[in-house]
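Peer 1: Build me a structure from this.
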Amino acid sequence: AEIQFNRPATGSGAKIGKMTLKTTELETIYDLGQKMIEALTKENVQAR
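Peer 2: Numbering: from 1, shown residues only. The predicted model follows:
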């Protein structure tokens with residue numbers, strides 16, 4: 001899995017992100033909104 005978060009250079013504004021889940025047969029990319037990014041950060045989710 002791969003997780004990317006992008007923050008505006010100014011430090012203000014909405015955060016956006018992308019999460020890629022890969023299996024042996026499939027690769028799926030999800031766009032993440034601010035609430036999901038906050039939830040993943042709060043739960044300390046990390047890609048392996």
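Peer 1: Can you show me the strands along this protein?
Peer 2: Taking DSSP state E as the test, the strands found in the chain are 2-6, 16-22, 27-32.
Peer 1: neighbours of the closest residue in space to Gly33 that isn't next to it in sequence, just the number please.
Peer 2: Once flanking residues are discounted, Gly33 sits nearest to Ile16: 7.5 Å by C-beta to C-beta, 6 or more residues apart in numbering. C-beta here means a position set from N, CA and C on the backbone, and glycine is covered the same way. Applying other C-beta atoms under 10 Å, we find 15 residues neighbouring Ile16.
Peer 1: Okay, now the unreliable bits of the chain?
Peer 2: Scanning the chain for pLDDT under 70 picks out the ranges 11.
Peer 1: any idea how far the residue lying closest to Gly17 once chain neighbours are set aside is from Glu25?
Peer 2: For Gly17, ignoring the flanking residues on the chain, the nearest one in space by C-beta to C-beta, 6+ apart is Leu32 at 3.7 Å. Per C-beta to C-beta, to the nearest Å, Leu32 is found 23 Å from Glu25.
Peer 1: Then Pro8?
Peer 2: 36 Å.
Peer 1: circling back to that earlier point, so which of the strands of the chain comes closest to Asn44?
Peer 2: Judged by C-beta to C-beta, the one of these that comes nearest to Asn44 is strand 2-6, at 11.6 Å.
Peer 1: Span of stretch 18-27 from start to end?
Peer 2: Distance between the boundary residues of stretch 18-27 (C-alpha to C-alpha, to the nearest Å) amounts to 13 Å.
Peer 1: And it, what's buried?
Peer 2: Buried residues in stretch 18-27, defined by neighbour count with 16 or more other C-beta atoms under 10 Å: Met19.
Peer 1: what's the burial count for the residue nearest to Gly17?
Peer 2: Leu32: 19 neighbours (other C-beta under 10 Å).
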